[in-house]
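Undergrad: just a sequence and a predicted model for now, questions to come.
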Amino acid sequence: MMWLGKVVGGTFGFIMGGPLGALLGAALGHQFDRNTADIGLLEADFTADTRQRIRMAFFTATFSTLGHIAKADGRVTEAEIQAARNVMDRMALSEGLRLTAIRLYNEGKRPDFPLDATVEQFYAECSRRYSLYRMFVEIQLEAALADGALHSAKERLLLRLCDRLHFSRFEYRTMKARLEAERRFARYHRSRQQRWERREAPAADELSLADAYAVLDLTSAASSSDIKRAYRRLMSQHHPDKLAANGVPEEMVRLATEKTQQIRKAYDAISKARNL
């Protein structure tokens, strides 16, 4: 976990400047000029410095934006704080990086947080790596759903950042429906496990199957070929090896690994019901 260690250790030569540099500087107790860096697109070749900039951009934008969206309805709940902690756990952050992430989260809660400039710089730094934009939106949306219902103020901010990332409203709504289904699907399986541990009879499978289809962006009317095609498409989008080959930083690959497990569970549930 050396990519931010250089920053924490005091080597600031590759700080990107702009709003992301200012946020990271504030989180680390240093000052950076928001206007000193050119936040235009990086050169096309993927260098080691480019990888570090992208990692820092994703890390800084992710946790500061999480804080901003959590505060959008006027209060931050324990469920929203836990959602941010879960992201840190899934990224396997060290204690030092967790502390920096918490400070970024608190920076995001400030009323003068520059959401548009932050997201626009993140878009530029990632050089149109669409898999990173999708993952960023997914993390923000998943955390915004932590309370069980999406507050209108939070959704307005989510749609605003989608616009800045050139992320279509259709894909956003598809993602939202899938994440809501994933939450129900996960709760169902936890409930089944608890029932099994208590030696109780299992619950009916209808809800689980409906959500399993939704996880694959499908309905129960889908054909077997549609199901297999949707499964392959989603696995391709989130496959860790493919993301790593496209330059996605290791911390984000860990998040993708968890996502493929959810997709596989949903596919297995459908396959078992249909004898595919």
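TA: Perfect, thanks for sending it.
Undergrad: center of the chain - which residue?
TA: Centre of the chain computed as the mean C-alpha position; nearest residue by CA atoms, centre = their mean is residue 139, 2.2 Å away.
Undergrad: who does the strand or helix carrying that residue touch, helix- and strand-wise?
TA: Per DSSP states H and E, residue 139 falls inside helix 130-144. Packed against helix 130-144 by the contact rule (3 or more CB pairs under 8 Å, 6 or more residues apart in numbering; DSSP states H and E) you find helix 48-70, helix 78-90, helix 152-164, helix 169-197, helix 250-274. Yep, even glycine has a C-beta here, placed from its N, CA and C like the rest.
Undergrad: what do you get if the cut-off is 10 Å, keeping everything else the same?
TA: helix 48-70, helix 78-90, helix 115-125, helix 152-164, helix 169-197, helix 224-238, helix 240-245, helix 250-274 (3 or more CB pairs under 10 Å, 6 or more residues apart in numbering; DSSP states H and E).
Undergrad: returning to that earlier point: residues in contact with the residue nearest to the centre of the chain?
TA: 58, 62-63, 65-66, 83-84, 86-87, 90-91, 252, 255 (CB atoms under 10 Å, 6 or more residues apart in numbering).
Undergrad: now do 8 Å
TA: Residues counted as contacts of residue 139 (CB atoms under 8 Å, 6 or more residues apart in numbering) are 62, 66, 87, 255.
Undergrad: what do you get for residue 159?
TA: With contact taken as CB under 8 Å, 6+ apart, residue 159 is in contact with 169, 172.
Undergrad: go again using 10 Å as the cut-off
TA: For residue 159, the contact set (CB under 10 Å, 6+ apart) comprises 167, 169, 172-173.
Undergrad: make CSV from the residues you listed and add neighbour count and distance to residue 105 to it.
TA: Conversion of the contacts of residue 159 to CSV gives the following (neighbours: other CB atoms under 10 Å; distance: CB to CB, whole Å):
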residue, neighbour count, distance to residue 105
167, 20, 22
169, 10, 27
172, 20, 23
173, 11, 26
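Undergrad: spatially, which two of the residues you listed are the most separated?
TA: 167 and 173 (11.0 Å; CB to CB).
Undergrad: can you tell me which residues contact residue 103?
TA: Per CB under 10 Å, 6+ apart, neighbours of residue 103: 23-24, 26-29, 63-64, 67.
Undergrad: what's the burial count for the residue nearest to residue 81 when sequence neighbours are not counted?
TA: Spatial nearest neighbour of residue 81, chain neighbours left out: residue 70 (7.6 Å); criterion: CB to CB, 6 or more residues apart in numbering. When neighbours are counted by other CB atoms under 10 Å, residue 70 registers 25.
Undergrad: wait, doesn't residue 70 sit right on residue 83?
TA: Yes: in this structure residue 70 lies within contact range of residue 83 using CB atoms under 10 Å: 8.0 Å.
Undergrad: give me the common contacts of the two.
TA: Common contact partners of residue 70 and residue 83 (CB under 10 Å, 6+ apart): 77, 143-144, 146-147.
Undergrad: average model confidence for stretch 154-173?
TA: For stretch 154-173, mean pLDDT is 94.
Undergrad: and that stretch, what's buried?
TA: Neighbour-count burial for stretch 154-173 flags 154-155, 157-158, 161-162, 164-165, 167, 172 (criterion: 16 or more other CB atoms under 10 Å).
Undergrad: ok, now stretch 231-238?
TA: The neighbour-count check on stretch 231-238 (16+ other CB under 10 Å) flags 231, 234, 237-238 as buried.
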